[in-house]
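Trainee: Fold the following.
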Amino acid sequence: MKINELQKTPAASICRIEGEVNINTSGELRKFCSAIIDRKIPTIVFDMSNVPYIDSSGLATLVEMLQRLKRQGGSLKLAGLQKKVRDLFEVTKLEKLFEIFDSLEKAKETIL
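Mentor: Numbering: from 1, shown residues only. Down below sits the predicted model:
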């Protein structure tokens, strides 16, 4: 898995995740998000168009980061989910927790 910060403003950090988010990589995702949250950036947007798979530990990490951001009045937005990943969010009802957008561009419209 690779994570890159594509753009940062005082209001948001726009990032891209590439590869599987699983038990072996979710710790790296947590560390990456925590560093952004520690900078007091209220919104994180993840472009997940290159994430073919996410397991329960990856989902748990995203939920944990969402909760941390919400406690600070922020949000975590997800964009470009592949069908398999989107279906998992729907089956687990997590699509009700997260703001999910079809594309990164649509997600960016809500913050910039």
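Trainee: what ranges do the strands span in this structure?
Mentor: Using DSSP state E, the strands of the chain run over 2-8, 12-18, 43-50, 75-79, 99-101.
Trainee: quick one, longest helix in the protein?
Mentor: helix 56-71 (DSSP state H).
Trainee: Could you list every helix and strand in contact with it?
Mentor: Applying 3 or more CB pairs under 8 Å, 6 or more residues apart in numbering; DSSP states H and E, one finds that helix 56-71 contacts helix 26-38, strand 43-50, strand 75-79. Using the backbone N, CA and C atoms, a C-beta is placed for each residue, glycine as well.
Trainee: where in the protein is pLDDT low?
Mentor: Scanning the chain for pLDDT under 70 picks out 112.
Trainee: From Asn22, how far out is Gly58?
Mentor: The gap separating Gly58 from Asn22 is 6 Å, by CB to CB, to the nearest Å.
Trainee: I am finished for the moment; much appreciated.
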